[in-house]
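**Q** quick one, what's the 3D model for this:
(chains A, B and C)
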Amino acid sequence: MLRLETIRIAQGDFALEADFEIAPGRKTAVIGPSGAGKSTLLGAIGGFLPLAAGRLWWQDRDITHTAPGRRPIAMLFQDNNLFPHLSIAQNIGLGIRPDLKLTLEDNARVDLALERVGLGGMSARKPGALSGGQQSRAALARVLVQDRPVILLDEPFAALGPALRQEMLDLVQELSAEAEATLLMVTHDPADVRRIADDVIFVEGGRAAAPQPAKSLLEDPPPALRAYLG
Amino acid sequence: MRRTLLATTLLLATQAGADTSVLTVYAGDYFTSEWGPGPKIEAGFEEICNCDLQFSTGDLLPRLLLEGERTKADVVIGLTSDVTAKARATGLFAPHGQDNAALTLPIDWGDDTFLPFNYGHTAFIYNETMMDAPPASFDALLEMDDDVKLVIQDPRTSISGLALVLWVEAVYGDKSADVWAKLAPKILTVTKDWSASYGMFTDGEVDMVLSYTTSPAYHMFAEEDFTKKAAIFPEGHYFMVETVGKIAKTDAPELADAFMAYVLSTDFQQMIPTANWSLPSALPEDQWPEGWAQLPLPEKVLFYSEEEAESRKDQAIETWRNALSQ
Amino acid sequence: MAQRAQPVIGTTGVIAGGFVVAVVVLSFVGLGLRAEVGRGLGPAEWAAIRFTVVQSAWSAVISVICAIPLARALARRWFWGRGALITLLGAPFILPVIVAVLGLLTVFGRTGWVNEVLGALGLPGLSIYGLHGVVLAHVFFNLPLATRLLLQGWQSIPAERFRLAAQLDLPPAMIRRTLEYPLLLQVVPGAAALIFVICLTSFAVALTLGGGPRATTIELAIYQAFRFDFDLARASLLSIIQLLLAGSAALIALWVLPNFPLTAGLDRKLRRWDARGGMQRALDTGIIALGSAFLLLPLMAILLAGLQGLPEMPWVVWKTAGNSLGVAVLSIAVLLAIALPMAGWISTRRAGGAEAIGLIGLSASPLMIGTGWFILINPIADPVPLALPVTALINALMALPFALRILVPPLREVLTTYDRLTRSLGMQGWSAWRWLVLPRLRAQIGFAAGLTGALSVGDLGVIALFADPDRATLPLQMYRLMGAYRTEAAAGAALLLLAMALGLFWICDKGGRWGAEA
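**A** Sure, this is the predicted structure:
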């Protein structure tokens, strides 16, 4: 269980508060107006932004001060998810060992992950030689080998076309289901929410609301959400 | 002298057992290059000394001053007359033990610590194919058209540059400032060292370069080029000498003495002209290599004693600096 | 506050920086051990200080001003031989002083090519001697460096920005404002400070082209105090003044540096859509031609003289070339061991002030550092066998500021761009160096290594103070040849030196880029 205990993130004039729990294995969409702090929330959970107050728990572990790489979290960002100078296999291998000292077994895992995301045979390529969709798949393959209980997606597929994005979301859904991972994803599109999310966190006015079941929330949105959805 | 040398040699020959002893000679940087006098001197001395002569090169005086008592040198070769005062003050040197009467210098040499091994004079060198009317005297040099360009060395960084300001001082005394004022428009520029000046001269950038009376010899005997001449002035030329000194605390005193004696030997002295492109300090003119006696040399030689040079130096440099900074 | 786990940790960088400071400070301690109370500074020394500052400032400003159009023209024009030209343009920077001076005089001297052409056209001749000559020579030496630094900056603007500019059809003035000015603001102060500091230690060039004792610099005064008066106190004092001047210039320039990261594009070859007009094209061509002529003609003079002298060159010169190569390789190794950790440390700090540490090795007179260490080593060991390693160390210190200038901005950018990714993957310390920094900065590391090697080959350095006959380096051998009237053979040695320095630079620079994605 991921628990945000009365946390407060402050960045200059901007502040965001949150106080809720996310049950394990749930797929949660984070929605809200531009600039409301969706990425900020994920950044704080991922360990990239310091908390001004409150604590962050994973199960019984206080991870408030844990370095990003030590958290039980795998994260994909809006961009720069792959190192352009490393091959796809190396990029994915970093998810297993950051010093890339990979055993035969590790390499087999990398290959398996590549197969799983449909990039079999592309392990030697550099990211620059892949299409946008393939790059996203490669990044997902790394999330797969990272094998962390929590996955954070900060709109990594924003640049893809609708069909491709849905394909990716389906893949994400499959992968996180297989791994029984807790998924948090920022999105703008209510269709994405309907497609994949169990719950929704609505971020607005300096607050990230506690997750609520997606279906009921979208069918009967509160006024602020209604205004956002238009 | 020859007898002492022979005696020393014999003595050493009997003393030297299985291991040959080493004589460490500090020398100026140019000295040991294969075209310098070093290799010949080494071969010549090792033939008679049953020892191993090892040169160690570098910036002589700073190195001695820095090393002080810890110096590894047994003998130091190449100290010029302008640094002997400081070298003497270190107290590192012992009397050279040779008879100054053997010297054939154009001046009297009374120093019993530093033994000259070669000499020359400052002179302005020109190319006779480029200069129709070279100055026949220092006065004439001053009166030349300002279009005639000279290059000189900086007295603050170069021995020959220092010799030039002392030369002017020796010829003109109180009027030095006026002399420099007359020279200033003719001096194209001033270089840090002799090499840069001479390079500018051979490249044709200047008409005359401050160098040595022996400079034409190199062109004559090594290149068969007879166009480079030294302008000889009746007012006299400043004398420049290089010396050898023996370190008092040497661990090879006999070898050091033998080397000092070797410096005055005909064998050594005859190497000097063509290896060092300067004049031998202890060799009658009739024994100079062929052609050298025909080299035009000044009648009159100017030289300040160590103390006098030391006392005049700073003022002379300051006069030079002021005149050329206008 | 969450602990920030930096992918690149500063500790080794702090140690490397501390080492640099220690080398310099200890050398002054050594000097202090032997210094006696001297005569202090007189009006001549103060005049030297004034002149040094004036000529350095002019040299820095004019070098950078000339470099801006040249770098811009080179950045937006692709032509056959461009890479070779850029490498060749770097040559003046690594030339031994005396070679460069004679090369410059062959072109710009009283009887040089320029004046011959002017004379043939019936025009009055130009005199190179004076402050303008000093500046001209320093621009000759440093224009290539400034151009390289600016060019690198230009090429670090992501292609996407130029695409955007092309899409928006921005006029040249807007491109300057949106793309080029911010870049210049970032690169120019550092480049100018670096050149200012280099020129501070100029000595023989300034004197010869300055036309006499008017052009006395601090370094000359140091040399005089050391060599002629053996007044170590005055020499050290002047050295410290030189250091302070360099330090303040560096701090001003580095602290005003705006800290803005450039976002990375995906390693695409830079394509430019702007400046396609005929006027701009002609202007760029003209600038490149002019800049090349200015830099290459003196090199040509050196080449011509050298080719004649090559057959005269004694065999022993080749042996000393081997020594020089050894020193250069050692210098590169020392430099990388110091510069990489330091660059890592500086890049993780907000302000660039720490980069000033890199400058002290360059701005402290090498003669003084060498002497100080000679005094320190002498009681413990024989300094003579250490001559080559000490030379290599001092050469590395001299190259350090250049290496830092080359490494820090891209390293900062790499660390910013991939900060979250490396941290989320837990890449730290060696992993971050091995898999992120070294591969991303290969080109810059190659450039820095090449520059160090070339500088090291061309530098006479402290070896002159205590060189053994067997340990002579190529520049020293060249000076020996000149000192023995063998001007032609010396010209041959100079050409060999030039070829070696350029070759070494080319190999490292190419090595850094070899196999990198287009």
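
**Q** going by C-alpha atoms from here, please, whenever you check contacts or count neighbours.
**A** Will do.

**Q** pull the CA atoms of the longest helix belonging to chain A into PDB?
**A** Using DSSP state H, we find that the single longest helix of chain A is helix A:162-179. Output of helix A:162-179 as PDB, limited to C-alpha atoms (Å, rounded to 0.1, in the frame of the first residue of the first chain):
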ATOM      1  CA  PRO A 162      -4.400   8.000 -30.500                       C
ATOM      2  CA  ALA A 163      -4.300   4.500 -31.900                       C
ATOM      3  CA  LEU A 164      -0.700   4.000 -30.800                       C
ATOM      4  CA  ARG A 165      -1.400   5.500 -27.400                       C
ATOM      5  CA  GLN A 166      -4.300   3.100 -26.800                       C
ATOM      6  CA  GLU A 167      -2.000   0.300 -27.900                       C
ATOM      7  CA  MET A 168       0.500   1.400 -25.300                       C
ATOM      8  CA  LEU A 169      -2.100   1.800 -22.600                       C
ATOM      9  CA  ASP A 170      -3.300  -1.700 -23.300                       C
ATOM     10  CA  LEU A 171       0.200  -3.000 -23.100                       C
ATOM     11  CA  VAL A 172       0.700  -1.100 -19.800                       C
ATOM     12  CA  GLN A 173      -2.400  -2.600 -18.500                       C
ATOM     13  CA  GLU A 174      -1.400  -6.100 -19.400                       C
ATOM     14  CA  LEU A 175       2.100  -5.700 -18.000                       C
ATOM     15  CA  SER A 176       1.000  -4.100 -14.700                       C
ATOM     16  CA  ALA A 177      -1.600  -6.800 -14.300                       C
ATOM     17  CA  GLU A 178       0.900  -9.500 -14.900                       C
ATOM     18  CA  ALA A 179       3.300  -7.900 -12.400                       C
END
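
**Q** in that helix, what's buried?
**A** A:165-166, A:168-169, A:171-173, A:175-176 (16 or more other CA atoms under 10 Å in any protein chain shown).

**Q** then stretch A:52-61?
**A** A:52, A:55-58.

**Q** so which of those residues also contact chain C?
**A** residue A:52 (CA under 8 Å from any CA of the partner chain).

**Q** widest-spaced pair of the buried residues of stretch A:52-61?
**A** Taking CA to CA as the measure, the buried residues of stretch A:52-61 span a maximum distance of 18.5 Å, between A:52 and A:58.

**Q** test my guess that residue A:50 contacts residue A:42.
**A** No: Residue A:50 lies out of contact with residue A:42 (CA atoms under 8 Å); the separation is 11.7 Å.

**Q** picking that back up, do the helix or strand following the longest helix of chain A and chain C meet at all?
**A** Using DSSP states H and E, the helix or strand that follows helix A:162-179 in sequence is strand A:182-186. No: residues of strand A:182-186 are not located near chain C by CA under 8 Å from any CA, the shortest gap being 15.5 Å.

**Q** and the biggest helix by length in chain C, what other elements does it pack with?
**A** Longest helix in chain C, counting residues (DSSP H): helix C:43-76. Secondary-structure packing of helix C:43-76 (3 or more CA pairs under 8 Å, 6 or more residues apart in numbering or on different chains; DSSP states H and E): helix C:131-155, helix C:181-200, helix C:218-223, helix C:278-309.

**Q** where along chain B do the helices fall?
**A** Going by DSSP H, chain B shows helices at B:2-15, B:38-49, B:60-67, B:84-89, B:138-143, B:159-172, B:176-183, B:194-202, B:215-217, B:223, B:253-263, B:266-276, B:306-324.

**Q** how about stretch B:62-75 as CSV, C-alpha atoms only?
**A** C-alpha atoms of stretch B:62-75 as CSV (Å, rounded to 0.1, in the frame of the first residue of the first chain):
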residue,chain,number,x,y,z
PRO,B,62,69.6,29.0,-10.8
ARG,B,63,70.2,25.3,-10.5
LEU,B,64,73.4,25.8,-8.4
LEU,B,65,71.7,28.4,-6.2
LEU,B,66,68.7,26.1,-5.7
GLU,B,67,70.8,23.0,-5.0
GLY,B,68,73.3,24.7,-2.8
GLU,B,69,75.5,22.3,-0.8
ARG,B,70,73.5,19.4,-2.1
THR,B,71,74.8,19.9,-5.6
LYS,B,72,76.1,16.8,-7.4
ALA,B,73,78.4,18.8,-9.6
ASP,B,74,82.1,18.3,-9.5
VAL,B,75,82.8,20.8,-12.1
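
**Q** for chain A, what lies in contact range of chain C?
**A** Taking CA under 8 Å from any CA as the contact definition, chain A meets chain C at A:46-52, A:64-70, A:73-75, A:80-81, A:83-86, A:94-95, A:98-100, A:128.

**Q** among those residues, which ones are in strands?
**A** A:73-75 (DSSP state E).

**Q** so which of these wins on neighbours?
**A** The most crowded member of these, judged by other CA atoms under 10 Å in any protein chain shown, is residue A:75 (30 neighbours).

**Q** partner residues bridging it?
**A** residue A:152 (DSSP bridges).

**Q** you'd agree it is up against residue A:149?
**A** No: Residue A:75 lies out of contact with residue A:149 (CA under 8 Å); the separation is 11.1 Å.

**Q** quick check: which element contains residue C:38?
**A** Assigned by DSSP H and E, residue C:38 falls outside every helix and strand.

**Q** I figured it hits residue C:231, correct?
**A** Yes: contact criterion CA under 8 Å: residue C:38 and residue C:231 qualify, at 5.8 Å.
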